[in-house]
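Q: Below: sequence and its predicted model.
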Amino acid sequence: MNFRRTAAGSLLAVAALVVWQLAAAGPAGALSAEEGAAGTGAAQAQAHGAQAGEAAEPYTQAPASESRAGSESSLLSIPAPSTEGAVSVEKAIAERRSVRRFADEKLTDQQLAQLLWSAQGITEERRGFRAAPSAGALYPLELYVATPEGVYKYAPGEHAVRPVKSGDFRRELAAAALGQSSVAQAPASFVITAVYERTAGKYGDRAERYVHIEVGCAAENLMLQAVALDLASVPVGAFRDAEVRGVIGAPAAEAPLLIIPVGKPAG
Ligand SMILES: Cc1cc2nc3c(=O)[nH]c(=O)nc-3n(C[C@H](O)[C@H](O)[C@H](O)COP(=O)(O)O)c2cc1C
């Protein structure tokens, strides 16, 4: 991945450095590395079961936030998305299948940018509306991607990414996902988080339901986009929330809701 710094990003970097020094705060630390377990069918089933028994995280404790995690680092430009493709929506729906073993082949910047855009990219500039629908256009979702180079957070408004951490954290992410090997093996694992408070301010008790519907919409976009790029994916819901949050460097206000490993299918 060779993301370049944007002009706006360079200015932001200077401003952020001042804020950074004033705050004297450091980025969230990485968790210790753990080996991912083999991704057999039995292991995956066990992973689902373990998640079912896990206590839900008290997401309401966190204060509302614009979640500019990683704002200490500058924006990196990514290739513009394409709105033309050779694969029809119908074909992508028909061909999408959960794939858990991936070839050892990195994604290109163009592929990464296209996948990020498909989930949360701006599709109507005037009102800032995005690729996936959102109750009240409040956009509670945040999108990260872990690659061999680092963890990046998508900035939809700029169609750019902010580096959150450099280095390969896919194994740590897989460990947080109960050892699911698909997460470590995929050249890119996307993580969708949500700030429930953004939606709760307007919709109260219905916010949780709306946010969960929205993550499904964004995830399906991304998974169908993967098919259209001749790639494959799997939605991974079994993981320890706090651990995932730590690995991707997300702030406390964000609840991780889904991991989506993406890559070329193995074999
Ligand atoms: C909310 C949700 C959570 C899931 N979590 C996992 C998971 O943790 N690990 C995994 O391997 N598959 C996971 N899956 C994928 C399902 O196992 C898969 O969708 C199902 O077997 C049907 O196969 P298909 O996706 O190929 O149609 C999840 C799917 C959904 C919708």
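A: Great, that's in hand.
Q: make it CA atoms for all contacts and neighbour counts henceforth
A: Noted.
Q: In this protein, spot the helix with the most residues.
A: helix 207-228 (DSSP state H).
Q: what's downstream of it, the next helix or strand?
A: Using DSSP states H and E, the helix or strand that follows helix 207-228 in sequence is strand 232-233.
Q: ok, then the element right after that next one?
A: helix 241-248.
Q: in that following helix, what counts as buried?
A: 241, 243-248 (16 or more other Cα atoms under 10 Å).
Q: list the contacts for the residue nearest to residue 171 when sequence neighbours are not counted?
A: Once flanking residues are discounted, residue 171 sits nearest to residue 184: 4.8 Å by Cα to Cα, 6 or more residues apart in numbering. Residue 184 makes contact with 36, 170-174 under the criterion Cα atoms under 8 Å, 6 or more residues apart in numbering.
Q: Do I have it right that residue 116 meets residue 154?
A: Yes: taking Cα atoms under 8 Å as the definition, residue 116 is a contact partner of residue 154 at 6.9 Å.
Q: where's residue 183 relative to residue 194, distance?
A: Distance of residue 183 to residue 194, computed by Cα to Cα, to the nearest Å: 20 Å.
Q: Tell me which of these two has more neighbours.
A: More crowded of residue 183 and residue 194, by other Cα atoms under 10 Å: residue 183, with 34 against 25.
Q: The more buried one and residue 176 touch, don't they?
A: No: Residue 183 is beyond contact range of residue 176, at 9.6 Å (criterion: Cα under 8 Å).
Q: ok now the single longest strand found in the chain, how far from the chain's centre?
A: With DSSP state E setting the assignment, residue counts place strand 255-263 as the longest strand in the chain. Strand 255-263 sits 6 Å away from the centroid of its parent chain (Cα atoms, centre = their mean, to the nearest Å).
Q: cool, stretch 83-101 as well?
A: Relative to its chain's centre, stretch 83-101 lies at 19 Å (Cα atoms, centre = their mean).
Q: Ok, stretch 148-159 next?
A: With Cα atoms, centre = their mean, you get 9 Å for stretch 148-159.
Q: got it, and stretch 173-184?
A: From the chain centre to the centre of stretch 173-184 is a distance of 15 Å (Cα atoms, centre = their mean).
Q: what about stretch 106-113, average pLDDT?
A: For stretch 106-113, the mean pLDDT works out to 98.
Q: Any buried residues in it, and which?
A: Under the neighbour-count criterion of 16+ other Cα under 10 Å, stretch 106-113 has 106-107, 109, 111-113 buried.
Q: Which of the contacts of residue 184 are buried? Put it as a PyMOL command.
A: Only the buried entries of the contacts of residue 184 go into this PyMOL selection, using 16+ other Cα under 10 Å:
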select buried, resi 36+170+171+172+173+174
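Q: Restricted to helices, list the contacts of residue 184.
A: Using DSSP H, the subset of the contacts of residue 184 located in helices is 170-174.
Q: Tell me the one among the residues you listed nearest to the ligand.
A: Distance to the ligand across those (Cα to the nearest ligand atom) is lowest for residue 174, with 10.4 Å.
Q: how near is the closest one to residue 213?
A: 25 Å.
Q: One more: residue 130?
A: On the measure of Cα to Cα, residue 130 and residue 213 end up 15 Å apart.
Q: Compare the two (neighbour count), which wins?
A: residue 130 (21 against 14).
Q: Now do the contacts for the closest residue to that one other than its chain neighbours.
A: Nearest residue to residue 130 in three dimensions, chain neighbours excluded: residue 122, at 4.2 Å (Cα to Cα, 6+ apart). Residue 122 makes contact with 128-131, 156-157, 159 under the criterion Cα under 8 Å, 6+ apart.
Q: Can you select the buried ones among those for me in ChimeraX?
A: Applying 16+ other Cα under 10 Å to those, the buried members can be selected in ChimeraX as follows:
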select :129,130,131,156,159
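Q: average model confidence for stretch 170-190?
A: Mean predicted confidence for stretch 170-190 is 98.
Q: these two touch, right, residue 215 and residue 195?
A: No: the pair residue 215 / residue 195 is not scored as a contact, 11.4 Å apart, by Cα under 8 Å.
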